Each structure stands twice: as C-alpha cells, then as structure tokens.
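Enquirer: kindly return the folded structure for what I paste below:
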Amino acid sequence: MTDRKPPEVGTPAGMRVLNQRAVLGRLRRLGAATRPQIAKDTGLSKPTVGQALVDLERHGLVRPIGRTTAGPGRSAVVYEPNPLAGYVLGVDIGRERIRAAVADLGGSVVARVDERNRSRSVSSLVRTVTELASRTVADAGIALTDVVVKVIGSPGVIDQRSRVVRHAPNLPGWESAGVLDGLESSLGPVVVVENDANLAAFGEHVYGAAKDARVFVCVTVGTGVGMGICVDGVLFRGAHGAAGEVGFLPFGKSSSDVQRGQFEQAAAAESVVALARERGLAARTAREVFSAARSGDAQAVEVVGLEAERLAFLVASVAAVIDPELVVLGGGVGSNVDLLLAPVEAALRTMTPLAPRIVAGSLGDGAVLSGAIAMGLEAARELVFEVTL
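Expert: Have a look, this model is predicted:
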C-alpha cells in the first residue's frame, strides 16, 4: 500500500491517470484490442491511447499478446490486461469443510485446496484457515504478499463496527471477540470477511444461474439456512448486515410453538435426517435421505415432500417482501432441485399468488468460493491500479 497523494483532477498528471483508467477499463470490459480499436471504443485519440498503453505496460498492468494478421495495412499490436499484475485469495469456511482458491487478476483460478474442517475452537479455526491459505498460495507458486485482496466467506452476521461475527452457532467459538482481527493479523492487509450466503449469491450473479437477473435471492440450505439478496448487481445487506438471515423466520404451528431460529431448525440438514429417522429410515445424512428418495423409497419421498413444503413457506415469505424475479436454490439440501422443485411449486400455489422462478444454483459447492473470488477481483483490480500508478 502507499500513502502518496493521488494526482489532482484537471492537472496533466490527473488527465494521464484518467486516460490510463479509461484504456484499462475498456480492455477489462471488452477484452484484448489494438490501439485503434481502443481509441474507437473510448473516444480518445490514438496518440493518447498509445501513451496510456506505454504507461500501463511499464507498470505491468497490460501486456502485448501478439499482432493482428487479418486485413490490409500494417499489423497492429494487440494488448490485454496483465493477469499476473496481482492475485486474490478466496476462502469458504463451513462447519464440515474449508475451501480456498487463488485466482489471478484475469479471473483464472491457479490453485485450489479443499479439506475437512476438524477445528473445534476459534484459535484452531483461525490457524487452520491461515495454514490452508498459505498452502494454496504456495501451490499457486506465489507469495502471500502477491495477494492483493483476501475474501473470507463465513456463516453469520459480520459486525464490522464491533469487529465480531454474530449468529454463527455452527462454528464453535466463532462469535468470540477478536476473530476478525485474528484473521487480518494472520493473513495480512486487505482482508474482507463476508457472509457466506451473500458470497454464494454474488458468485451466482457473476458466474452462475443468476447472470441475467436484476433482482434475485440465493437461498442456501445445508448445515444452516441462509439467503443472499442481490439487486442490480449489488448485494443488499440491510441496516445491520442481517438481511437474508432467514433461519430466524418464525416457524411453528401456533404463536406459542414458535421459537427463535426455528425455521433453520425445521429445514436444515439435521432436520431432514430427524424426519427420516422418525419414519424408520436409518439415515445418517441428508444426502442419504435424498438418495433413498431417488431410488423410490416411499418414506424418503415423504420426507422430501415435507422439506419442500417448508422451503415453499420460505419462498412465499421472501416473495411477499422482496419480489425477486428469481430464486436460486443451493447448499447440500437446497441443491436437490430435481426432487424439490415440483413439490415446492405445488405448495407455493396453495400459499400465495406470487411465484418467482426457482432454479438450481449452477456453481454447486463452489458457489461461496466463486463469490469470494469475484468480490476480491472487483476490489483488487481497482486497488492494483491505484497503488501502481
């Protein structure tokens, strides 16, 4: 990082920076191009574009990748943003597994590590995340100092003011004071900790099933229940970062039967297993229940139907408040859309006239990690420009 003062707008130095930003922005948006193509697309003169390219190449932000060969006249140099100008690290912390990936500024994942989460204390988990991040960076053949931005996906509400994570009971000790500071101390500067459902939504927006959706939600159902809300490409977090904490929706047969956090208790993976055991199925995981349902087991099919009704309640509640055009289902339970979609839609028709389109997430168990990489790239590309020029 640097503390130097940026060039003032309207000065020659300021104009050079604006031109460089315009040229680099065009290459990032539309891909590799020649100087005449960039001049046409940006409205800048060819000499101005040429000088900007010289400056950007000197600072390692763009690179030549060849020359044009088609058409009359002299060939022209083709430039692209230099993907090696920096790297981003994404980490997905779940109760069962921890995943990490490193991507270059072009968005190409150059290393990925995935392992079981065996940590049972906050200090052990911070240490595990740090070790996994270091191993992933080493596998990428770079140093941790080459990583411009690190984005960590975590369950719960990230309270930046108090520097703690709230409402993350599935990770022992994770709500303790000092967690965010501990991660930053271990991983170095520019660490972003974001709710995992938000990152899953952002990943589906950038790379997955919600690319073309203007207003959508991504519901993740697995160990817990969460939801990310995306409006016009921007995550909506609410006043306190708790938007989408749908696990706290009241859910019960009567007001006296409703308990705090009961929807998560009623719809998450452990509930699916409990419903199956009540019906005599010797299931150890929700995956086994859905597998049995696919094989035609009548009791498992009944459990899937009950889970679908509960998810329909969630979708109906969200539709009445947010009016999304699309609901993306993900997570270890929610991703079983082949079994869940028809009964969810049938139950919805009995509950509400509001019926958003429901689809499976396309990123699978990599949704959170993909969102972390996408968010990191947004920040890193700007940060590299500001620091370098």
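Enquirer: all strands of the stretch 201-350 of the chain, in order?
Expert: Remark: strands assigned in the stretch 201-350 of the chain by DSSP state E, counting those that start in this stretch are 215-221, 225-231, 234-235, 326-330.
Enquirer: for Gly244, which of the ones you listed is the nearest?
Expert: Nearest of the strands of the stretch 201-350 of the chain to Gly244, taken as CB to CB: strand 225-231 at 3.9 Å. (Each C-beta comes from the backbone N, C-alpha and C, glycine too.)
Enquirer: and the closest one, how far out from the chain middle?
Expert: In terms of CA atoms, centre = their mean, to the nearest Å, the centre of strand 225-231 is found 11 Å from the chain centre.
Enquirer: identify each buried residue in it, please.
Expert: For strand 225-231, a neighbour-count test (16 or more other CB atoms under 10 Å) marks Val225, Gly226, Met227, Gly228, Ile229, Cys230 as buried.
Enquirer: closest to Arg214 out of the residues you listed?
Expert: Using CB to CB, those come closest to Arg214 at Cys230, 8.8 Å.
Enquirer: the closest one pairs with what?
Expert: Cys230 has these beta-bridge partners by DSSP bridges: Phe216, Leu235.
Enquirer: my guess is it meets Leu199, correct?
Expert: No: using CB atoms under 8 Å, Cys230 is not in contact with Leu199; the gap is 11.0 Å.
Enquirer: how near is Ala360 to Val328?
Expert: Ala360 is 7 Å from Val328, where distance means CB to CB, to the nearest Å.
Enquirer: who has more neighbours, the two?
Expert: Val328 (32 against 18; other CB atoms under 10 Å).
Enquirer: from what I can see that one touches Ala210, true?
Expert: Yes: assessed by CB under 8 Å, Val328 is found in contact with Ala210 at 5.5 Å.
Enquirer: give me the longest helix you can find in this structure.
Expert: Using DSSP state H, we find that the single longest helix of the chain is helix 298-322.
Enquirer: which neighbouring elements make contact with it?
Expert: Identification of packing neighbours for helix 298-322 by 3 or more CB pairs under 8 Å, 6 or more residues apart in numbering; DSSP states H and E yields strand 215-221, strand 225-231, helix 262-267, helix 269-278, helix 286-294, strand 326-330, helix 337-351.
Enquirer: one more time with 6 Å, if that's ok
Expert: helix 269-278, helix 286-294, helix 337-351 (3 or more CB pairs under 6 Å, 6 or more residues apart in numbering; DSSP states H and E).
Enquirer: closest to Tyr79 out of those helices?
Expert: Among the helices and strands packed on helix 298-322, helix 337-351 comes nearest to Tyr79, with 42.6 Å by CB to CB.
Enquirer: any idea of the mean pLDDT for the helix or strand following that closest one?
Expert: Next along the chain after helix 337-351, taking DSSP states H and E as the criterion, comes strand 357-360. Averaging pLDDT along strand 357-360 gives 97.
Enquirer: which SSE is immediately downstream of strand 357-360?
Expert: That would be, after strand 357-360 and using DSSP H and E, helix 367-388.
Enquirer: buried set for that following helix?
Expert: Neighbour-count burial for helix 367-388 flags 367-377, 380-381, 383-385, 388 (criterion: 16+ other CB under 10 Å).
Enquirer: swap in stretch 23-38?
Expert: When neighbours are counted by 16+ other CB under 10 Å, the buried residues of stretch 23-38 are found to be Val23, Leu24, Arg26, Leu27, Ala33, Thr34, Arg35, Gln37, Ile38.
Enquirer: in the stretch 51-200 of the chain, where is pLDDT below threshold?
Expert: The stretch 51-200 of the chain contains residues with pLDDT under 70 at 70-73.
Enquirer: tell me which element the residue nearest to Gly31 when sequence neighbours are not counted is part of?
Expert: Nearest non-adjacent residue to Gly31, counting by CB to CB, 6 or more residues apart in numbering: Glu80, 7.2 Å away. Using DSSP H and E, the element containing Glu80 is strand 77-81.
Enquirer: how many degrees apart are that strand and helix 367-388 in direction?
Expert: When axes from the mean of the first three to the mean of the last three CA atoms, to 10 degrees is applied, the directions of strand 77-81 and helix 367-388 differ by 120 degrees.
Enquirer: my guess is Lys150 is in a strand, correct?
Expert: Yes: Lys150 forms part of a strand when assessed by DSSP: H, G, I helix; E, B strand; the rest coil.
Enquirer: which ones are touching the nearest residue to Arg357 once chain neighbours are set aside?
Expert: Using CB to CB, 6+ apart and skipping the chain neighbours, the partner closest in space to Arg357 is Leu326 (5.2 Å). By CB atoms under 6 Å, 6 or more residues apart in numbering, the residues touching Leu326 are Ala210, Ala213, Phe216, Arg357.
Enquirer: repeat that for Ala379.
Expert: By CB under 6 Å, 6+ apart, the neighbours of Ala379 are Val149.
Enquirer: quick one, grab the pLDDT at it.
Expert: For Ala379, the pLDDT comes out at 95.
Enquirer: distance of it from Leu187?
Expert: 15 Å.
Enquirer: same question for Gly241.
Expert: Taking CB to CB, one finds Gly241 at 21 Å from Leu187.
Enquirer: and for Arg214?
Expert: Taking CB to CB as the measure, Arg214 falls 34 Å from Leu187.
Enquirer: between these two, which is the more surrounded one?
Expert: More neighbours surround Leu187 than the other of Arg214 and Leu187, with 21 against 12 (other CB under 10 Å).
Enquirer: identify the residues contacting the more buried one.
Expert: By CB under 6 Å, 6+ apart, the residues touching Leu187 are Lys150.
Enquirer: just the one 10 residues further on next, same as before
Expert: Going by CB under 6 Å, 6+ apart, Ala197 touches Thr220, Gly226, Met227, Gly228, Gly244.
Enquirer: what about 8 Å?
Expert: Applying CB atoms under 8 Å, 6 or more residues apart in numbering to Ala197 gives the contacts Cys218, Val219, Thr220, Gly226, Met227, Gly228, Gly244.
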